[in-house]
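Colleague: can you look at this prediction? I've put the sequence above it.
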Amino acid sequence: MTAAVLDLPRRISPAKALQDGFTLAWRGVLKIRKNPEQLADVTIQPILFLLMFGYLFGGAIAGNTSAYIEVLVPALMVQNTVFASLATGTSLNTDVTKGVFDRFRAMPIARSAPLVGSVVSDVVRYAVALTVLLVAGMAMGYRLHTDVGSLLVGVALMLLAGLCFCWIAVFVGMLMRSPGAVQGVMVAIMMPITFGSNVFVPSDTMPAWLRAWSDISPVSLLADTMRGLLNGGAVAGPLLGALAWLAGIVAVFFPLAMSAYKRRVA
């Protein structure tokens, strides 16, 4: 092993680093294929949220379940994508605590490859969560009011959002000592962000201080964008705001995550 470490190239080109990242991303996909129970949260959770909120609160919020489903399904695509990103930090923390990253350090790959690979492989989780939600929503009566092109744009936006939000989970995952701690901290962060938005209720029913946040929340802006893309309505305004938030999240948490990662695996 020592000889292998000594033979490692001092510099790895960006192209090689990217190739290494996608190679390890495929490792993550294979892990999911061999252990499909890893997808339990992104297959069961979307259905539970849709059933609970659609049937329990649809009448109180929108007058009837059918009307509520129309605004709930596009917004739940955002909520479920955000929650699916939590698993990235937990998975990375598990690999670190089990010594998997020690093996990666002895391989001729970019140091960033395990991190990038884990993030990219989670695209599968986001895609599964979105697919399950749409199928369940249509079974409950939801119908697309725009076109397939708009739906594909919405799905692409959700995949991008997941890849941006997951850097928060990566940062937390590199700070915490156990996978359980990562999950607890991330739930404490994401619950207020998602429920303090217009995903489930209109923001004009909230207290003034909460409405002020909800109107500019990244989750609310993404939900408004998805409603516009799938149901028809304004898209440009909320989309620009959402993209600004996503860029800001990456600008802040990507360097923080990389710094914490380097300290953790040094």
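Modeller: Noted; the coordinates are in hand.
Colleague: contacts for stretch 114-125?
Modeller: Residues outside stretch 114-125 that contact it (Cβ atoms under 8 Å, 6 or more residues apart in numbering) are 17-18, 20-29, 31-32, 39, 42, 84-85, 87-88, 91-92, 95, 100-101, 104, 159, 162-163, 166-167, 170, 257-258, 261. Placement of C-beta: from N, CA and C, glycine included.
Colleague: contact partners for residue 141?
Modeller: For residue 141, the contact set (Cβ under 8 Å, 6+ apart) comprises 65-66, 69.
Colleague: can you tell me the SS state at it?
Modeller: Classification of residue 141 by DSSP: H, G, I helix; E, B strand; the rest coil places it in coil.
Colleague: coming back round to it: please, a ChimeraX command that selects the buried ones among the contacts of stretch 114-125?
Modeller: Per 16 or more other Cβ atoms under 10 Å, the buried members of the contacts of stretch 114-125 correspond to this ChimeraX selection:
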select :18,20,21,24,25,28,32,39,42,84,85,87,88,91,92,95,101,104,159,162,163,166,167,170,257,258,261
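Colleague: just the C-alpha atoms of the host helix or strand of residue 28, please, in PDB.
Modeller: In this structure, residue 28 sits in helix 14-34 according to DSSP states H and E. Extracted C-alpha coordinates of helix 14-34, given in PDB (Å, rounded to 0.1, in the frame of the first residue of the first chain):
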ATOM      1  CA  PRO A  14      -9.500  18.500 -13.900                       C
ATOM      2  CA  ALA A  15     -10.600  16.000 -16.600                       C
ATOM      3  CA  LYS A  16      -9.100  13.100 -14.700                       C
ATOM      4  CA  ALA A  17     -10.700  14.300 -11.400                       C
ATOM      5  CA  LEU A  18     -14.100  14.600 -13.200                       C
ATOM      6  CA  GLN A  19     -13.700  11.100 -14.600                       C
ATOM      7  CA  ASP A  20     -12.800   9.700 -11.100                       C
ATOM      8  CA  GLY A  21     -15.900  11.400  -9.700                       C
ATOM      9  CA  PHE A  22     -18.200   9.800 -12.200                       C
ATOM     10  CA  THR A  23     -16.600   6.500 -11.700                       C
ATOM     11  CA  LEU A  24     -17.400   6.600  -8.000                       C
ATOM     12  CA  ALA A  25     -20.800   8.000  -8.800                       C
ATOM     13  CA  TRP A  26     -21.400   4.700 -10.600                       C
ATOM     14  CA  ARG A  27     -20.300   2.900  -7.400                       C
ATOM     15  CA  GLY A  28     -23.000   4.700  -5.600                       C
ATOM     16  CA  VAL A  29     -25.600   3.700  -8.200                       C
ATOM     17  CA  LEU A  30     -24.500   0.100  -7.900                       C
ATOM     18  CA  LYS A  31     -24.900   0.300  -4.100                       C
ATOM     19  CA  ILE A  32     -28.500   1.400  -4.600                       C
ATOM     20  CA  ARG A  33     -29.100  -1.500  -7.100                       C
ATOM     21  CA  LYS A  34     -27.700  -4.100  -4.700                       C
END
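Colleague: quick one: name whatever helix or strand follows that helix.
Modeller: Counting by DSSP H and E, the element after helix 14-34 in chain order, helix or strand, is helix 40-62.
Colleague: mean confidence score for that next one?
Modeller: Helix 40-62 carries an average pLDDT of 84.
Colleague: may I see the buried residues of it?
Modeller: For helix 40-62, the neighbour count (16+ other Cβ under 10 Å) marks 41-43, 45-47, 49-50, 53-54, 58, 61-62 as buried.
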